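Engineer: Whatever this is, show me its structure:
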Amino acid sequence: MSARIDHTVTSGTFSLDGATFDVDNNVWVVGDDHECAVIDAPHDVAAIRELVGGREVRAVLCTHAHDDHVRAAPALAEQVGAPVLLHPQDRVLWDLTHPDREPDGELADGQVFHIAGTELRVLHTPGHAPGAVCLHSPDLATVFTGDTLFAGGPGATGRSHSDYDVIVASIRERLLPLPAETEVRPGHGESTTIGAVRREFDEWIARG
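Structural biologist: Below you'll find the predicted structure:
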């Protein structure tokens with residue numbers, strides 16, 4: 001059985017720097033009929049469990065540790081018996097939401113996670129958060145970008161632990177070199193492609 005991508009949207013809040021916003025988050029699941037990996041675990045464990053079904057969850061892979069991406073991660077991990085993996089530079093954000101529960105393991109730039117006969121390669125893309133990562137699957141012609149890159153521009157950098165120049169460099173150096181047909185599946189909103197991002201990139205930067 002070849003790997004596929006399943007998707008749902010969950011709703012909740014994002015809180016940082018004393019402000020709280022209502023948000024809708026994408027949840028992406030990569031796997032086949034037997035095993036899968038969950039990319040981000042935002043608000044609703046039941047909705048993620050429904051998407052997973054009876055499959056073995058090999059890991060909960062966190063693109064970064066803002067609360068709207070990891071709030072449900074410990075509960076999900078406990079229910080399905082899977083480790084939560086996070087880039088260590090995002091522990092400062094993880095600890096704001098889960099001060100009494102560490103991630104189970106680390107994600108590192110260049111690390112390859114094997115699932116259902118395909119690969120997810122970790123690309124460290126700081127800027128939106130210091131430990132932000134994207135997960136590239138060449139076989140599925142997809143990159144899961146969390147909040148690093150959206151259809152319409154880079155992720156937000158107006159809050160603590162973020163940096164606009166760093167996120168622009170991450171996109172330019174780590175994401176734009178991917179094949180043009182690569183689908184960009186972000187943490188919020190609609191998907192796009194690397195080809196579309198290349199065409200729009202200079203305009204985004206000019207707008208700041």
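Engineer: If we go by neighbour counts, what in stretch 78-98 is buried?
Structural biologist: Buried positions in stretch 78-98, judged by neighbour count with 16 or more other Cβ atoms under 10 Å: 80, 82, 84-87, 89-91, 93-94, 96-98. Yep, even glycine has a C-beta here, placed from its N, CA and C like the rest.
Engineer: go on, stretch 149-168?
Structural biologist: Under 16+ other Cβ under 10 Å, the buried positions of stretch 149-168 are 149-151, 153-155, 157, 161-162, 164, 166-168.
Engineer: for the protein, what's the longest helix?
Structural biologist: In the chain, taking DSSP state H as the definition, the longest helix is helix 194-207.
Engineer: what sits up against that helix?
Structural biologist: 143, 149, 151, 153-154, 168, 171-172, 175-176, 178-182, 184 (Cβ atoms under 8 Å, 6 or more residues apart in numbering).
Engineer: 6 Å instead?
Structural biologist: 153, 176, 178, 180, 182 (Cβ atoms under 6 Å, 6 or more residues apart in numbering).
Engineer: Going through those, which ones are buried?
Structural biologist: 153, 178, 182.
Engineer: Look at the second one and tell me its secondary structure.
Structural biologist: For residue 178, the reduced secondary structure class is coil; criterion used: DSSP: H, G, I helix; E, B strand; the rest coil.
Engineer: Next one: it from residue 185, what distance?
Structural biologist: Using Cβ to Cβ, to the nearest Å, residue 178 is found at 13 Å from residue 185.
Engineer: coming back round to it: tell me which two of the buried residues of stretch 78-98 sit farthest apart.
Structural biologist: 80 and 89 (25.9 Å; Cβ to Cβ).
Engineer: Now do the helices in this structure.
Structural biologist: 45-52, 67-70, 73-80, 91-97, 164-170, 194-207.
Engineer: Those helices: which one's closest to residue 60?
Structural biologist: helix 73-80 (5.3 Å).
Engineer: helices or strands next to the closest one in the packing?
Structural biologist: helix 45-52, strand 56-61 (3 or more Cβ pairs under 6 Å, 6 or more residues apart in numbering; DSSP states H and E).
Engineer: hmm, who's touching it?
Structural biologist: Contacts of helix 73-80 (Cβ under 6 Å, 6+ apart): 41, 45, 48, 57, 60, 84, 98, 101.
Engineer: again, but for stretch 85-98
Structural biologist: 59, 61-62, 64-65, 67, 74, 103, 105-107, 129-131, 133.
Engineer: quick one: low-confidence ranges for this structure?
Structural biologist: For the chain, residues meeting the criterion pLDDT under 70 lie at 1.
Engineer: And for the closest residue to residue 14 other than its chain neighbours, the neighbour number?
Structural biologist: Nearest residue to residue 14, sequence neighbours excluded (Cβ to Cβ, 6 or more residues apart in numbering): residue 68, at 3.9 Å. Neighbour count of residue 68, defined by other Cβ atoms under 10 Å: 25.
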